[in-house]
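Asks: sequence unknown, structure follows:
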């Protein structure tokens with residue numbers, strides 16, 4: 001069960017988008033500048049963005065943990081939790097994107 005937990009966590013933002021699909025506005029912000037949203041996209045664009053950003057951040061966090069562990073000596077019990085930590089961070093980013101879009105922040 002624990003080996004599938006990172007994948008389950010990474011799927012949460014996409015599942016959240018699918019569950020809230022009918023509540024999302026037709027135009028959603030897909031890019032922000034210092035003055036707020038500067039590019040709007042469709043729901044499909046937004047769903048693809050959430051999925052790609054979640055997977056990209058999950059992979060990036062995992063790679064950074066692996067590189068850091070080779071540069072510094074880390075206990076193996078901490079290193080085995082790297083996929084879990086990286087998926088938690090990536091899922092949090094994806095859920096934050098959905099929340100910002102849903103509440104038009």
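Replies: Here it is on my side, so go on. All figures in this text were calculated on a predicted structure; none of them were measured in a lab.
Asks: how about the strands in this structure?
Replies: Counting by DSSP state E, the chain has strands at residues 28-33, 36-41.
Asks: remind me which residues of the chain are low pLDDT?
Replies: Counting by pLDDT under 70, the chain contains low-confidence ranges at 1-3, 74-80, 104-105.
Asks: That one: helices as residue ranges?
Replies: When assigned using DSSP state H, the helices of the chain occupy the ranges 5-19, 43-71, 76-79, 82-102.
Asks: Identify the residues contacting the last one?
Replies: Put plainly, it is helix 82-102. For helix 82-102, contacts defined as CB atoms under 8 Å, 6 or more residues apart in numbering pick out 2, 5-7, 9-10, 12-14, 16-17, 20, 23-24, 28-29, 46, 49-50, 53-55, 57-59, 61-62, 65-66, 69, 105. Quick note: C-beta positions are derived from backbone N, CA and C, even for glycine.
Asks: Buried members of those into PyMOL, please.
Replies: A single PyMOL command is used to select the members of these judged buried by 16 or more other CB atoms under 10 Å:
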select buried, resi 6+9+10+12+13+14+16+17+24+28+29+46+49+50+54+55+57+58+61+62+65
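Asks: hmm, back to that, residue 36: which of the helices of the chain is closest?
Replies: helix 82-102 (10.8 Å; CB to CB).
Asks: roughly how far apart are the spatially most distant residue from the centre of the chain and residue 61?
Replies: In the chain, residue 73 marks the outermost C-alpha relative to the chain mean, sitting 28.0 Å out by CA atoms, centre = their mean. The gap separating residue 73 from residue 61 is 20 Å, by CB to CB, to the nearest Å.
Asks: One more: residue 71?
Replies: Using CB to CB, one obtains 16 Å as the distance from residue 71 to residue 61.
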